[in-house]
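Asks: Predicted structure and sequence below. I'll ask about it afterward.
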Amino acid sequence: MLDIEKRLFEWSNSMLISSGRTKACEIKPLRQEASTRKYYRLISKDESHIGVFSSPTSELNEQFIFLSEFFTKQGVAVPEVLFSDMENGWMLLEDFGDNSYQFKLNKKNFHHLFSAAFDEMISIHSCPLNSNIPFLEVDDLKNQMLLFEKWFLQGLLKIKLSREEDKLFSCLYKEILGDLTIQPYVLCHFDFESRNLMLLENGNTGVLDFQDAVFGPIFLDPAALIKDLYLDLTEQEESNLFEEYITRANELPNVRLNIEDSKRSFDLTGLQRQLRILGVLSRLHLRDGKSFRLSDLNKTLNFVIETCNHYKELKEVSYYLKQKVVPLLALTLKKIL
């Protein structure tokens, strides 16, 4: 047993025993994540809990605990933080089980599961303003996209942009930001994708990894969910889900969305997210030595290419990525994987 694992196990059992619960007899590491957090399942005779080691210097531990309580009060299904030790970075959480949307979604059940996920998404959108939850500013949105250039194009693929290429992407960022900054702002999970959603025993959707929640453009979360990396949807299926979201979102106070006008906003928000993800996953490999999500780069890049190709003003970006970046990515991944 690793030292961190052993210490977390001992601390968790001391918390369980002191609260009158049954101590755990086994600890099992869970899947690797992009952050530095490490997750474990602690198993006792009659129940289980999730133990977390989250570095007290590099992770948003206090924000995680605050948002767990905040979301619970607002009726959002998030795991309860049962015990915490901020000095050592330990937490013991309610266990939401193993039924991740990432592995449960399929072509037969996706509409039902997405509808359940929309319930939680709208609950998050409905949350009131809170001074402890930040707003996404224009510079934040732009800097997230610049990760695409720094870590994906320049870092991973070794592309040095020419003046014309730099102008091409600057125009893309301007187009995206011009739309995102005029969208209604609501509370967003910020990473509302299938990896962070759980199918609970009662049929509802549980929400994980919520510490980055922000007030931001309304289409951040639906773009993350509907443009899913792990489920291939047809254009019509995606459109149907988008229309369902619009119907649900229009129930929110001060939100009036038109399907036709909102589709472009939805697509551009998806572009902002996908550019950020290309940068983040490349950085994860290059800086942090974690390569387990490099296989997601191809589909993410294809999302960008296809979306840009739908809009006349972005077709040049689509062409550039398809002709120059796709072949380079294939060669690069072949060397790494």
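Replies: Yep, it's here. Residues are numbered from 1 along each chain as shown.
Asks: Leu82 belongs to a strand?
Replies: Yes. Leu82: assigned to a strand according to DSSP: H, G, I helix; E, B strand; the rest coil.
Asks: residues near it, how many?
Replies: A total of 16 residues lie near Leu82 under the criterion other CB atoms under 10 Å. In short, each C-beta sits where N, CA and C put it, glycine included.
Asks: same deal with Asp296?
Replies: Neighbours of Asp296 (other CB under 10 Å): 15.
Asks: pLDDT wise, what is Pro56 at?
Replies: Looking at Pro56, its pLDDT is 88.
Asks: how much space between the closest residue to it other than its chain neighbours and Glu149?
Replies: Using CB to CB, 6 or more residues apart in numbering and skipping residues adjacent in sequence, the residue nearest Pro56 is Gly89, 4.2 Å away. According to CB to CB, to the nearest Å, Gly89 stands 33 Å off from Glu149.
Asks: what does Phe83 give?
Replies: With CB to CB as the criterion, Phe83 and Glu149 are 42 Å apart.
Asks: Those two: which has the busier surroundings?
Replies: Glu149 (20 against 17).
Asks: What about the more buried one? Give its phi and psi, please.
Replies: Glu149 adopts backbone torsions of phi -70, psi -50, taken as degrees, to the nearest 10.
Asks: correct me, but it touches Phe169?
Replies: Yes. Counting by CB atoms under 8 Å, Phe169 is a contact partner of Glu149 at 6.6 Å.
Asks: Spit out the residues that contact these two alike.
Replies: The contact sets of Glu149 and Phe169 overlap at Leu161 (CB atoms under 8 Å, 6 or more residues apart in numbering).
Asks: Find the residue at the geometric middle of the chain.
Replies: Central residue of the chain (CA atoms, centre = their mean): Asp191, 2.2 Å from the mean position.
Asks: all strands for the stretch 51-200 of the chain, in order.
Replies: For the stretch 51-200 of the chain, strands defined by DSSP state E, counting those that start in this stretch occupy the ranges 81-85, 90-94, 185-188, 197-199.
Asks: Quick check: mean pLDDT of the shortest one?
Replies: Spelled out, that is strand 197-199. In this model, strand 197-199 carries a mean pLDDT of 98.
Asks: mind checking how far the residue nearest to Pro56 is from Phe66?
Replies: Noted for Gly89: a distance of 16 Å to Phe66, by CB to CB.
Asks: Of these two, which one has the most company?
Replies: Ranked by neighbour count (other CB under 10 Å), Gly89 and Phe66 place Gly89 first, with 21 against 17.
Asks: which phi and psi does the more buried one have?
Replies: With angles defined as degrees, to the nearest 10, Gly89 sits at phi 80, psi 30.
Asks: my guess is it contacts Leu60, does it?
Replies: No. Here Gly89 does not reach Leu60: they are 11.3 Å apart, not a contact under CB under 8 Å.
Asks: now stretch 249-267: how far from the chain's centre is it?
Replies: Per CA atoms, centre = their mean, to the nearest Å, the displacement of stretch 249-267 from the mean C-alpha position of its chain is 21 Å.
Asks: so where's this structure uncertain?
Replies: For the chain, applying pLDDT under 70 flags the ranges 1.
Asks: And the helices in the stretch 101-250 of the chain, which stretches?
Replies: For the stretch 101-250 of the chain, the helices defined by DSSP state H, counting those that start in this stretch cover 101-104, 110-125, 138-147, 163-180, 220-226, 235-249.
Asks: and among the ones you listed, the most buried is which?
Replies: Stretch with highest mean neighbour count among the helices of the stretch 101-250 of the chain: helix 220-226 (a mean of 25; mean count of other CB atoms under 10 Å).
Asks: biggest helix in the chain by residues?
Replies: Selection of the longest helix in the chain by residue count, based on DSSP state H, yields helix 259-286.
Asks: for it, packing partners?
Replies: Counting contacts by 3 or more CB pairs under 8 Å, 6 or more residues apart in numbering; DSSP states H and E, helix 259-286 packs against helix 138-147, helix 163-180, helix 220-226, helix 235-249, helix 297-309.
Asks: if I read this right, Glu80 contacts Phe71, doesn't it?
Replies: No. Here Glu80 lies out of contact with Phe71, judged by CB under 8 Å, at a distance of 10.3 Å.
Asks: Comparing these two, which residue is more hemmed in?
Replies: Higher neighbour count among Glu80 and Phe71: Phe71, with 22 against 10, using other CB under 10 Å.
Asks: Who are the contact partners of that one?
Replies: So Phe71 contacts Val78, Ile124, Cys127, Val207, Phe210, Ala213 (CB under 8 Å, 6+ apart).
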